[in-house]
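> quick one, what's the 3D model for this:
(chains A and B)
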Amino acid sequence: MYAIFRKELADHLSSKRFVILFSLVMLSAVFAIYIAIQTIRSVVGPTSESIFLKVFTTSGGNLPSFLFFLSLFIPIVGIALGFDAINNERSSGNLSRLVSQPIYRDSIINGKFLAGLAVLSIMIVSVVAIVAGLGIRIVGVPPTGEEVARLLAFVAISIVYAGFWLALAVLFSVFFRRTATSMLASLAVWIVFFFFVSAIAGAVASAAIPVDANSTLEVFAQSASLQGALSRISPSTLYGEATIGLLTPEVGTMNSALFVMSSYSGRMSNPLPLQDSLLLVWPQMVTIIALCAICFAASYIRFMREEIRSI
Amino acid sequence: MGQLVVETTDLTKMYGSFTAVNKINLRIEEGEMFGFLGANGAGKTTTLLMLLGLTEPTSGTVRVCGKDPARDPLEVKRQVGYLPERVGFYEELTARQNLRFSAELNRMPKKEAEDRIDAILGTVGLGKVMDHTVNTFSRGMKQRLGIAEIWLKEPRLAFLDEPTTGIDPNGIDDILKLISGMSKRGITVIFCSHILPQVQKLCSRVGIMSKGNLVADGPIELLGQSDSGAGLYRMEAEVDDPRPAVVEAVRCVKGVQQVDVVERVLIVTADSDLRGLVSRAIIDGGALLLGMRIEEYNLEKIYKRFSKEA
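Residues are numbered from 1 along each chain as shown, chains lettered A, B, ... in the order given. I've put the predicted structure just below:
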């Protein structure tokens, strides 16, 4: 498996596809930190805590934060690295030659997945490290130990989230013979999860529990709760909640209703210690890990059961 | 009898209710060049895949190089080279890099692999393009690279599945020479094809598959004899005057079954190759021998007959 892993890693790192995507992610990260630093002074007071982490979460007016850019690009890079993992080998006639070599068949899919994950990890770690470095240099506030730990947890969950999209793309590459089909299928799932699920959840929640200007806070909270629960179908929502919980210690709940109410009242809870924040986002983290594992297991089983004739 | 490298007993593969391979019993000895014939869908590739351990038999047993491919796939794959019908390589890598990767998969020591890769690529005629990326290669060049990969591995047994499909005539000759070279290196070759003249040129023994059954298995000569009828040889002797005394002299040769005369040609049917004795009898009978030939066994004829019977 190591030979395949090494080859795939080298292929990814030297591919134009990766260079373009990495440059794009880097550019948006630098852009996002520029926006954050421009506006960071207005969002933090002299007694504010976790200033360092705000570099990652602060947006500027209509311009999005680093966190948003990362949640946008991670699926795209994950899909780009995995959508042709198996079907491209099959259509080039490489797969039947490869499986006749003295290696176990699962080494192929394992090696490819791990290489993709390694590339994603390299990308995420380096982007976060650059943003953190620029943040320290420009804001001038060094991170505390807890902030570093939060950042590490954030990197870890980002890698797992990237792994989910990679595994999904690999799954489609096992199912579909044409690379164009597997890419379109992966992008379609991403578009639905990223753009439509929250809108659909909002529409369903509004239809089930209508809210207007005269609605009581309780009705409003019920509608927000329902919308939040429905939105969690999407891994993008789960990742968003997990990262907000990790990088914003003031967030004390993942209950949409309570979150909305506390925001409206202007009373955010006291910053939570890391352990409590982890407990708070634990369900989201576990679900993302499970989704990643399910997608990879499905592609693994399908690949292993596939008749070589069709390979 | 040499050591058996392939041995199957009642090997069967079913896809649902469809029987792709039906109880075939195949024995191939070390060093043999075995032609595996059959129309598309006859079950040749399925049999090869079972021998390689890439698909599991529904029933029956397989031993390849003394191992069971289903239980010991890595050991079998280590000793077997496979050239699929449409061989593919990493297009963005050079020929040398592709072979380096194969060497790595076969856990070959780096230094040894480097030395052998250059030599082998030279032998298969890719020495000048070994540092060119494979996407610039023709189909014939890719097949040669496939053969180079097998040589690099130094297997005991090589499966070649339609290795000349889609290659121009000059390229075919080159590929056939390389395959022949493989046999000279002591590699047992199973040559799968439905291009019969190529098989006849290379192989001494053939197996014919039809609708999943192994309908014939043996040396071409032997299958040809049974084609002429009951294991008999047919010789044609052209003489200046086929007078009765000459015909009688030939008929008296031990082993001769029948002598027919067509114009100036004596058609002799015998139970073995008696060209020497028949020539002497003709000369002793007082006739002038103008020419003598033994009927060559036409694989196409043999193949058609067995396929038709099946």
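
> contacts only, for A:E306.
For A:E306, the set of contacting residues under the criterion of CB atoms under 8 Å, 6 or more residues apart in numbering or on different chains consists of A:V174. Quick note: C-beta positions are derived from backbone N, CA and C, even for glycine.

> ok, now A:F66?
With contacts taken as CB under 8 Å, 6+ apart, A:F66 has the following neighbours: A:29, A:32-33, A:36, A:55-57, A:131.

> mind putting those into TSV with pLDDT and secondary structure?
Compiled in TSV, the contacts of A:F66 are given as follows (pLDDT from 0 to 100; DSSP: H, G, I helix; E, B strand; the rest coil):
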residue	pLDDT	secondary structure
A:A29	86	helix
A:A32	83	helix
A:I33	83	helix
A:A36	79	helix
A:V55	80	helix
A:F56	82	helix
A:T57	80	helix
A:V131	87	helix
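
> farthest-apart pair in those, please.
The largest separation in those, counting by CB to CB, is between A:A29 and A:T57 at 13.4 Å.

> who has more neighbours out of those two?
Summary of the neighbour comparison: A:A29 and A:T57, criterion other CB atoms under 10 Å in any protein chain shown, with A:A29 having more neighbours (21 against 18).

> isn't the more buried one up against A:I130?
Yes: with contact defined as CB atoms under 8 Å, A:A29 and A:I130 form a contacting pair (6.5 Å).

> what's the burial count for B:N40?
Applying the criterion other CB under 10 Å, we find 8 residues in the vicinity of B:N40.

> could you find the closest non-adjacent residue to it?
Using CB to CB, 6 or more residues apart in numbering or on different chains and skipping the chain neighbours, the partner closest in space to B:N40 is B:H194 (7.2 Å).

> show me the contacts for the one you found.
B:37-40, B:162.

> among these, which are located in strands?
When strands are assigned by DSSP state E, the members of the contacts of B:H194 inside them are B:37-38.

> what's the nearest residue to the residue in chain A that chain B sits nearest to if we skip its chain neighbours?
Of all residues in chain A, A:G93 sits closest to chain B, with a separation of 2.7 Å (CB to the nearest CB). In space, and not counting its chain neighbours, A:G93 is closest to B:G88: 2.7 Å by CB to CB, 6+ apart.

> separation between the one you found and B:N135?
Spatial separation of B:G88 from B:N135 under the definition CB to CB, to the nearest Å is 11 Å.

> neighbour count: the two, which is higher?
Neighbour tally, B:G88 and B:N135, criterion other CB under 10 Å: the higher count belongs to B:G88, 19 against 11.

> need the three-state assignment for that one.
For B:G88, the assignment made with DSSP: H, G, I helix; E, B strand; the rest coil gives coil.

> need the pLDDT of the residue nearest to A:G93.
According to the prediction, B:G88 has pLDDT 87.

> stretch A:17-33 vs chain B: in contact?
No: if you take CB under 8 Å from any CB of the partner chain as the test, stretch A:17-33 misses chain B, and the best it gets is 11.7 Å.

> buried ones in stretch A:113-126?
Taking 16 or more other CB atoms under 10 Å in any protein chain shown as the basis for neighbour counts, the residues of stretch A:113-126 that come out buried are A:113-124.

> out of these, which sit inside helices?
With helices identified by DSSP state H, the entries of the buried residues of stretch A:113-126 that belong to them are A:113-124.

> number of residues surrounding B:D118?
By the criterion of other CB under 10 Å, B:D118 has 14 neighbours.

> now it, what's its secondary structure?
Strictly by three-state DSSP, B:D118 counts as helix.

> ok, which stretches of chain A are helices?
Along chain A, the segments classed as helices by DSSP H run A:2-14, A:16-43, A:51-57, A:66-82, A:87-91, A:94-99, A:105-139, A:145-175, A:179-191, A:197-208, A:217-231, A:235-247, A:256-265, A:274-305.

> with distance to B:N213 added, can I get those helices in TSV?
Formatted as TSV, the entries for the helices of chain A read as follows, by distance: least, CB to CB, whole Å:
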stretch	distance to B:N213
helix A:2-14	38
helix A:16-43	49
helix A:51-57	69
helix A:66-82	43
helix A:87-91	30
helix A:94-99	25
helix A:105-139	29
helix A:145-175	34
helix A:179-191	38
helix A:197-208	56
helix A:217-231	60
helix A:235-247	53
helix A:256-265	68
helix A:274-305	28
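
> so which of those helices comes closest to B:P73?
When the helices of chain A are ranked by distance to B:P73, counting by CB to CB, first place goes to helix A:105-139 at 8.6 Å.

> and the closest one, what does it pack against?
Other elements packing on helix A:105-139 under the criterion 3 or more CB pairs under 8 Å, 6 or more residues apart in numbering or on different chains; DSSP states H and E are helix A:2-14, helix A:16-43, helix A:51-57, helix A:66-82, helix A:94-99, helix A:145-175, helix A:274-305.
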